[in-house]
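S.K.: Pasted the sequence and its predicted model underneath.
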Amino acid sequence: MNYLARKIRDGVLLLIGVSALSFLLLEIAPGNFLSEMQLNPQISPETVAALRVRYGLDRPVPVRYLRWLHSTATGDFGYSFSYNVPVADLVWPRAKNTLLLTTCASLLAWIVALPVGIGMALKRGSAAAQAASGIVSLLLAIPELTLALGALVFAAYTRIFPIGGMFSFSAENASGGAALVDLGRHLVLPASVLALGVAPMLVRHIRAAVIEVLDAGFVRAGRALGIPRRTLLFEYVLRAAANPLISLAGLSVAGLLSMSLLVEVVLSWPGLGPLLLEAIFARDIFLVIAVVMLSTAFLVCGNFLSDFALLACDPRIRRDIS
Amino acid sequence: MNAKIKIGVAIALLGCHLFILFPGFFAPYNPIEQNRDFPYRPPELPRLRDAAGNWHVRPFIYAATGDDAGTPARQAAVPIHFFVSGARYQIAGSLHSRYHLFGTENGARVFLLGTDELGRDQLSRLLYGARISLFAGILATALSLAIGLAVGTFAGYYGGVAGAAVVRVADFFIALPWIYLLLAVRAFLPLRLGAGWSFAVIVIVLGFIGWARQARIVRSVVLAARERGFVRAARGFGASDFYLLRRHVVPQTFGVLLTQATILIPQYVIAETTLSFFGLGMSEPHASIGNLLSALQHYDVLVSYWWMYVPAVVLVPLCLGYSAVASAVHDRFGKAYL
């Protein structure tokens, strides 16, 4: 599979690029974790110097980069200054939570967006479709921050859904089923805000993709032949429209991750977002780099999955690469 | 949407910018002036009908009094006057003025949007804050477009290995999730900065993060423009590269750039808001929209003082207005040279 190998190579190059760029920025940037410590009169200069040696900050950048690559290859992702543990221990549990949130949210968004987008394309020009397109435009104009804060206000006033975290204190020792229900209740708010943020963009693209196919000659021919509308839609139109939509699913991962960071911070979901902010405020550079790397890795995986799905679904692509 | 509505929206949006360009006149108070006696005053709307049921011609408010113990019935009704003189402010950094659009004549306070924790007038803070956020958005857009124009023109006009390399680098930047990129770049810069520096950092970081997409768009326009008949003819007559670029090629990108600007400005305003909300942008006591919203991170503020949420709502008409203008500009200029 030459095609997939090329995609994997591109992804790995992207990750190496991100890490190299991070170290370059690190070198240019003024100050580091220890420069705050130097200002503290209670910590002697000798201690700071010893820490510098211990953390390897006295070495030139290429050496540090190679050491970091080695540490990443062995699964540590470097060392967190502020938590005093390998970065991997901090990052993996958070990454799982982010993955859970984004997966649920994007499933929800697609489940809502697909019927709405297809319906808007089929009933193009009708009053209902125009109203729907007005609502989509309005939702597109609402910034995610406004949306997330609005959800927070809503939850605070109605108290229907819990705010913040993944589990209630009371459910800490609950059995499997009860814990799952508790997790689900905590997931509702962040997942629906995230889905609401992504869905309008999806609806627009789905509508455009379906309309393009509906206007194609073979669909008109099929209609003239008397193929039932339902069969025509499911067997012909949607299959032809699937290609741009699968690419869209891959491309929307970047936006989803960005939005997820904001939602996680505002609604205190213990994902990568809050960890990244903490790391920035603590000047915990390896933690920052690891979180950014992981988000890029998610992106690469998302794109790879969508490429793979395209390959599986679209015979034209299989033909082009063989 | 038809063209007339779009023009109306564009004019309204321009009006909002005037509003924000001269916040000193529209804002009744100095945004950083504290009134420790009035923390978290709820919004007080002007009334025409008093507690006794009598109607008044001039709008009035029940003034916030110093002891804050009086019920509305016992508080004095203070008429609202227009063009009153109040706190000094600067217009465009040089002229001084004391005139405000509205206020009271006896020094009683009008808080149309309530006050924050330190008793600062939220309306004044919102107007000054929106100015900061909008300026940051506009300047970052200009920076981003300038970099995109320079890099994209170079890559499109000269092409070759360097051009291909530029495209690869741009693709690399486009591929990253932008908030992570934004925060990562911000993470390497000092955390605590003065007002001027933090504004500059916001503009520069935003500007440098957005260049890639602009560069790709400009490059595609330049690639097409370079091969158009009149450009080839001019080249045949012996025109220099510089002349061709200045006279024929670069002007063809202006329509696309204008469309991109109307799309980018609201995005950057939101990005600034996000940064300041996280505490990585404008710092206290200066207001920006994100800064004003960060108070909502405290649970008690969120549940007790709903008016602190107003700055978030203001972003919605701004984005709606810009998206209407973007679609009008796109219809008019966007496709002209493509």
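M.R.: Yep, it's here. Values in this document were obtained by computation on a predicted structure and should not be read as measured data.
S.K.: Do a quick rundown of the helices in the stretch 201-338 of chain B.
M.R.: B:211-226, B:229-236, B:241-244, B:254-277, B:289-293, B:299-304, B:310-329 (DSSP state H, counting those that start in this stretch).
S.K.: which residues touch the third one?
M.R.: It refers to helix B:241-244. Contact with helix B:241-244 is made by B:157, B:231, B:234-235, as judged by Cβ atoms under 8 Å, 6 or more residues apart in numbering or on different chains. Every residue, glycine included, has its C-beta placed from N, CA and C.
S.K.: which parts of the stretch 1-150 of chain A sit against chain B?
M.R.: Taking Cβ under 8 Å from any Cβ of the partner chain as the test, the list of the stretch 1-150 of chain A residues beside chain B reads A:14, A:17-18, A:22, A:25-26, A:28-31, A:137-138, A:140-146, A:149-150.
S.K.: So how do I select the buried members of those residues in PyMOL?
M.R.: Those of these that count as buried under 16 or more other Cβ atoms under 10 Å in any protein chain shown are selected in PyMOL with:
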select buried, chain A and resi 14+17+18+22+25+26+137+140+141+142+143+144+145+146+149+150
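S.K.: and residue B:60, that one's in a helix?
M.R.: No. Residue B:60: not assigned to a helix; according to DSSP: H, G, I helix; E, B strand; the rest coil it is strand.
S.K.: I figured it hits residue B:47, correct?
M.R.: Yes. If you go by Cβ atoms under 8 Å, residue B:60 and residue B:47 touch, sitting 6.1 Å apart.
S.K.: Touching the longest strand belonging to chain B from outside, list them.
M.R.: When chain B is parsed with DSSP state E, its longest strand is strand B:81-91. With Cβ under 8 Å, 6+ apart as the test, strand B:81-91 has contacts from B:22, B:24-25, B:27-30, B:33, B:58, B:96-105.
S.K.: now for whichever helix or strand comes after it, which elements pack on it?
M.R.: Using DSSP states H and E, the helix or strand that directly follows strand B:81-91 along the chain is strand B:95-103. With contacts defined as 3 or more Cβ pairs under 8 Å, 6 or more residues apart in numbering or on different chains; DSSP states H and E, the packing partners of strand B:95-103 are helix B:23-26, strand B:81-91.
S.K.: Could you identify the helix or strand that succeeds strand B:95-103?
M.R.: Defined by DSSP H and E, the subsequent element after strand B:95-103 is helix B:122-158.
S.K.: can that next one be found next to chain A?
M.R.: No. Using Cβ under 8 Å from any Cβ, we find that helix B:122-158 stays clear of chain A, coming within 11.4 Å at best.
S.K.: What's the first helix or strand after that helix?
M.R.: Using DSSP H and E, the next helix or strand after helix B:122-158 towards the C-terminus is helix B:160-175.
S.K.: Just the C-alphas of the following helix or strand past that following helix, formatted as CSV.
M.R.: Later in the chain than helix B:160-175, the nearest helix or strand by DSSP H and E is helix B:178-187. Provided in CSV are the C-alpha atoms of helix B:178-187 (Å, rounded to 0.1, in the frame of the first residue of the first chain):
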residue,chain,number,x,y,z
TRP,B,178,-5.0,26.4,15.8
ILE,B,179,-5.7,26.9,19.5
TYR,B,180,-3.0,24.4,20.4
LEU,B,181,-0.6,26.2,18.1
LEU,B,182,-1.6,29.6,19.5
LEU,B,183,-1.2,28.5,23.1
ALA,B,184,2.1,26.7,22.4
VAL,B,185,3.6,29.8,20.8
ARG,B,186,2.2,31.9,23.6
ALA,B,187,3.7,29.4,26.1
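S.K.: at contact distance from chain A, anything in helix B:178-187?
M.R.: Yes. Contact between helix B:178-187 and chain A, assessed by Cβ under 8 Å from any Cβ, occurs at B:178-181, B:183-187.
S.K.: Turn these into CSV, including distance to residue A:109, pLDDT and neighbour count.
M.R.: Shown next, in CSV, are those (distance: Cβ to Cβ, whole Å; pLDDT from 0 to 100; neighbours: other Cβ atoms under 10 Å in any protein chain shown):
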residue, distance to residue A:109, pLDDT, neighbour count
B:178, 19, 80, 19
B:179, 18, 83, 26
B:180, 20, 84, 26
B:181, 23, 82, 23
B:183, 23, 85, 26
B:184, 26, 81, 25
B:185, 28, 81, 20
B:186, 28, 81, 20
B:187, 29, 79, 26
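S.K.: Now the two most distant members of those residues.
M.R.: B:178 and B:187 (14.5 Å; Cβ to Cβ).
S.K.: before we move on, the earlier item: just the buried positions in the longest strand of chain B, please.
M.R.: Neighbour-count burial for strand B:81-91, counted by 16+ other Cβ under 10 Å, picks out B:86, B:89.
S.K.: what angle sits between it and helix B:122-158?
M.R.: Using axes from the mean of the first three to the mean of the last three Cα atoms, to 10 degrees, the inter-axis angle of strand B:81-91 relative to helix B:122-158 is 50 degrees.
S.K.: Within the sheet, what are the partner strands of strand B:81-91, with directions?
M.R.: strand B:95-103 (antiparallel) (DSSP bridges).
S.K.: Can you list the neighbours in contact with the strand it pairs with?
M.R.: Residues contacting strand B:95-103 (Cβ under 8 Å, 6+ apart): B:24-28, B:80-91, B:110.
S.K.: Could you give me the buried positions within that strand?
M.R.: Buried-residue list, strand B:95-103, by 16+ other Cβ under 10 Å: B:100, B:102-103.
S.K.: Now find how far off-centre that strand is within its chain.
M.R.: 23 Å (Cα atoms, centre = their mean, to the nearest Å).
S.K.: what mean pLDDT does that strand have?
M.R.: In this model, strand B:95-103 has a mean pLDDT of 76.
S.K.: Extract the C-alpha set from it and format it as PDB.
M.R.: C-alpha atoms of strand B:95-103 as PDB (Å, rounded to 0.1, in the frame of the first residue of the first chain):
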ATOM      1  CA  LEU B  95      -7.200  65.500  22.200                       C
ATOM      2  CA  HIS B  96      -8.700  65.800  25.600                       C
ATOM      3  CA  SER B  97     -12.400  66.000  26.300                       C
ATOM      4  CA  ARG B  98     -14.800  65.800  29.100                       C
ATOM      5  CA  TYR B  99     -18.100  65.400  27.300                       C
ATOM      6  CA  HIS B 100     -20.000  62.100  27.500                       C
ATOM      7  CA  LEU B 101     -23.100  61.000  25.600                       C
ATOM      8  CA  PHE B 102     -25.100  60.700  28.800                       C
ATOM      9  CA  GLY B 103     -24.700  60.900  32.500                       C
END
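S.K.: how many neighbours does residue B:281 have?
M.R.: 29 (other Cβ atoms under 10 Å in any protein chain shown).
S.K.: Just list the residues touching the closest residue to it other than its chain neighbours, thanks.
M.R.: In this structure, residue B:281 finds its nearest non-sequential neighbour in residue B:275, 3.7 Å apart by Cβ to Cβ, 6 or more residues apart in numbering or on different chains. Contact analysis of residue B:275 by Cβ under 8 Å, 6+ apart lists B:182, B:186, B:202, B:205, B:281, B:290.
S.K.: May I see the buried residues of stretch B:289-304?
M.R.: Applying 16+ other Cβ under 10 Å to stretch B:289-304 flags B:289-297, B:301-302 as buried.
S.K.: With pLDDT and distance to chain A added, can I get these in TSV?
M.R.: Shown next, in TSV, are these (pLDDT from 0 to 100; distance: Cβ to the nearest Cβ, whole Å):
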residue	pLDDT	distance to chain A
B:289	87	9
B:290	86	8
B:291	85	12
B:292	86	11
B:293	88	7
B:294	86	10
B:295	84	11
B:296	83	6
B:297	81	8
B:301	80	10
B:302	79	5
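S.K.: For the helix or strand encompassing residue A:196, the averaged confidence score.
M.R.: Using DSSP H and E, residue A:196 maps to helix A:176-214. Taken as a whole, helix A:176-214 carries a mean pLDDT of 88.
S.K.: Before I go, just wanted to say thanks for your time.
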